[in-house]
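Peer 1: Next input, structure requested:
(one chain, ligands or ions: 2)
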Amino acid sequence: MPDAYEILTPGTVVDYIAGKPALTAVLPRDRIGDVREVGDGNLNLVFIISATDGPGIVLKQALPYVRLVGPEWPMTPDRAAKEAEALRSHGALVPSLVPTLYDYDAGRYVLAMEDLSDHQVWRHALNHGERHEGVATDVGVYVANVAFGTSVFGMAPDAQKAALAAAVNPELCEITEDLVLTEPTRPARRNSVLAANEPDARDLIDDDATVREMGWLKWQFMTQAEALIHGDLHTGSIMVRAAADGVPRSTKVFDSEFAFYGPVGFDLGLAYANYVIAAARAFALGEDERAAWALGLLDETWRAFDMTLRGLWPERLDPRVFTDATLEDFLSKVAVDGIGYGAAEAMRRIVGLAKTADIETLPESLREGAARGVLRASRMMATTRHADPVAASIAERAGEILLATRTR
Ligand code: SR1
Ligand code: MG
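Peer 2: Numbering: from 1, shown residues only. Ligands and ions are numbered 1, 2, ... in the order given. Here you go, the predicted structure:
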């Protein structure tokens, strides 16, 4: 652990900004409005410092522990440095889809970023029944640009190796290895479900075929350094703004502290899983048409990923043996991986730590069926992905399962 460092409070952030020229250039002291601590994630403090006459600044400070649990779970605040690097790297590739980073304070683990107060967290929007068109496409475009631009396809080998070494993120990867890729299919003290779902959780643990898939996915996660992936690309890591009054719609991918060089399919999979979870909520609420829309997001993200990567392919740096056949092989691998990681993330959000508001805010009678459906859908995804790695058909079968298991 690093030496003690000063934790920001609503009372100290104004002086903090005033002491940093990179920040006063964006938000001079005389334009500072109010200060709010808004962190609702699992790990960090987040302050929005608004301006009296326009956008302000967001400060995000990594605590030396997991906020969701408390100081009894220490966690390196150096994760903020990984996030800063990912923001810089991804922001250079797809500036319109990543918040601007104004400053990174390595001594106090503070990121200063673009104020996205005119956006909302996509998960919140989904949970309120809103449909933001085009976001799933943006997700695919983002993942493809990162997959190409931070990998050996788009970077010189020496620069790519240096970036890979700098992005090693063991503590945050360990969280994912435990919470996403191990505990959901094993008896674990951090697992919990409604009493009515205990048989479903036991069925998952007893499902040897799914456990086998999780073992393989975990091994890939720990060994396949394909690109500087986001590492936590669920719908709570995406901000959305609808078009209004001449202001265009916007998507911003944030919260990349889990970034490291890992399998590209992991990012797609986290998005897929949270689309399935959004659909489970909609079905539970009797909004079947909106559920079908949410399931359609899997195909939308995949198509955008596929098309964008194909578009970037002619720019690959070494076409000697990275031929068009390599592209097809890579796309096939990512398709299978994405569905597998989607399965891992979906089951984890039902039985493991850090559940989703989508499911948790449902009345218990509805939650039972939604949770059962997501668990069964995730087992289907894990075990059928090799035979049928098509996002659209996986979504169709997930929909059948969610409909058949819903409770009233
Ligand atoms: C202890 S951190 C729990 C979860 O929060 C983050 O958003 C990641 O999904 C992580 O697994
Ligand atoms: Mg997060």
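Peer 1: Report all helices and strands that the longest helix anywhere in the chain contacts.
Peer 2: Assignment by DSSP state H gives helix 324-351 as the longest helix of the chain. Judged by 3 or more Cβ pairs under 8 Å, 6 or more residues apart in numbering; DSSP states H and E, the packing partners of helix 324-351 are helix 198-205, helix 208-223, helix 264-284, helix 288-312, helix 364-384, helix 391-405. Quick note: C-beta positions are derived from backbone N, CA and C, even for glycine.
Peer 1: What pLDDT does the model give the nearest residue to residue 364 once chain neighbours are set aside?
Peer 2: Spatial nearest neighbour of residue 364, excluding adjacent residues (Cβ to Cβ, 6 or more residues apart in numbering): residue 194 at 6.2 Å. Per-residue pLDDT puts residue 194 at 98.
Peer 1: which ones are touching residue 251?
Peer 2: Applying Cβ atoms under 8 Å, 6 or more residues apart in numbering to residue 251 gives the contacts 97, 132, 134, 135, 138, 139, 238, 239, 240, 241.
Peer 1: Do I have it right that residue 154 meets residue 314?
Peer 2: No - the pair residue 154 / residue 314 is not scored as a contact, 11.5 Å apart, by Cβ atoms under 8 Å.
Peer 1: neighbouring contacts of stretch 198-205?
Peer 2: 184-187, 191, 193, 210-211, 347, 351, 371-372, 375-376, 379.
Peer 1: Return the member of the residues you listed nearest to ligand 1.
Peer 2: Of all the contacts of stretch 198-205, residue 184 has the smallest distance to ligand 1: 11.3 Å, by Cβ to the nearest ligand atom.
Peer 1: Show me what from the stretch 251-400 of the chain comes close to ligand 2.
Peer 2: Taking Cβ under 5 Å from the ion as the contact definition, the stretch 251-400 of the chain meets ligand 2 at residue 255.
Peer 1: Below-threshold pLDDT in the stretch 251-400 of the chain: ranges please.
Peer 2: Judged by pLDDT under 70, the stretch 251-400 of the chain has no weakly predicted residues.
Peer 1: Look through it and state the residue closest to ligand 1.
Peer 2: For the stretch 251-400 of the chain, Cβ to the nearest ligand atom, closest residue to ligand 1: residue 354, 3.8 Å.
Peer 1: In a helix, that residue, correct?
Peer 2: No - counting by DSSP: H, G, I helix; E, B strand; the rest coil, residue 354 is not part of a helix but coil.
Peer 1: my read: it touches residue 179, true?
Peer 2: Yes - between residue 354 and residue 179 there is a contact under Cβ under 8 Å: 6.7 Å.
Peer 1: Common neighbours of those two, please.
Peer 2: residue 348.
Peer 1: about what we covered before: would you turn the helices and strands packed on helix 324-351 into TSV with mean neighbour count?
Peer 2: Shown next, in TSV, are those (neighbours: other Cβ atoms under 10 Å):
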stretch	mean neighbour count
helix 198-205	17
helix 208-223	16
helix 264-284	30
helix 288-312	20
helix 364-384	23
helix 391-405	20
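Peer 1: Throw the ones you listed into JSON lines and include distance to ligand 1, thanks.
Peer 2: Output for the helices and strands packed on helix 324-351, formatted as JSON lines (distance: least, Cβ to the nearest ligand atom, whole Å):
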{"stretch": "helix 198-205", "distance to ligand 1": "18"}
{"stretch": "helix 208-223", "distance to ligand 1": "13"}
{"stretch": "helix 264-284", "distance to ligand 1": "8"}
{"stretch": "helix 288-312", "distance to ligand 1": "18"}
{"stretch": "helix 364-384", "distance to ligand 1": "16"}
{"stretch": "helix 391-405", "distance to ligand 1": "21"}
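Peer 1: For the residue nearest the centre of the chain, which residues are in contact?
Peer 2: The centre of the chain sits closest to residue 233, judged by Cα atoms, centre = their mean, with a distance of 1.3 Å. Shown in contact with residue 233 (Cβ under 8 Å, 6+ apart): 139, 143, 253, 267, 268, 270, 271.
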